[in-house]
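J.: coordinates only, sequence not included:
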């Protein structure tokens, strides 16, 4: 009897104590408006019905995925916590990534023309085939990126693989 009770507790305890990473209300706000300042959207596959720029400044995007084709120019990702954040194949020209923590983020195939990465932590990020033409990004930041194969650099040259 004790073994059955103990086994039941071991199986049930993690299920009852488990909590989702993201805040459900924040997800709904982002889906409807494309704006969520200071939200916890961690560990979620993000989508929005809103066209145009999105605002996720000061938000927790750890281990989130964002795929949103279309024009997202002038979006604001400033001060986001985006460790292992994935965002690909997007149009983010003129977007703001200042002071964003994007360590080990997957940012493949995005257009970041004239985007601002001032103060962003890009250590280990994947910039495979991104467009960084005229982006505000330092040479130190570019050196910290894990993969920059095929990227268009701020000066317009293409990085060899």
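T.: Structure received. All values derive from a computational prediction rather than experimental measurement.
J.: alpha carbons only for contacts and neighbour counts from here, please
T.: Noted.
J.: Residue 156: neighbour count?
T.: Counted with other C-alpha atoms under 10 Å, residues neighbouring residue 156 total 12.
J.: and it, what is it in contact with?
T.: Residue 156 makes contact with 133, 134, according to C-alpha atoms under 8 Å, 6 or more residues apart in numbering.
J.: how about the strands in this structure?
T.: Assigned by DSSP state E, the strands in the chain fall at 45-46, 65-66, 86-87.
J.: Who are the packing partners of the first one?
T.: Counting by 3 or more C-alpha pairs under 8 Å, 6 or more residues apart in numbering; DSSP states H and E, the packing neighbours recorded for strand 45-46 are strand 65-66.
J.: The strand it packs on pairs with which strands, parallel or anti?
T.: strand 45-46 (parallel), strand 86-87 (parallel) (DSSP bridges).
J.: Lowest average pLDDT across the ones you listed?
T.: Comparing those by mean pLDDT, the weakest confidence falls on strand 45-46, with a mean of 88.
J.: what bits of the chain have low per-residue confidence?
T.: 1-22 (pLDDT under 70).
J.: With respect to residue 125, which of the strands of the chain lies nearest?
T.: Closest to residue 125 of these is strand 86-87 (C-alpha to C-alpha; 9.8 Å).
J.: that older thread, compare the strands paired with strand 65-66 and give me the one nearest residue 62.
T.: strand 86-87 (9.1 Å).
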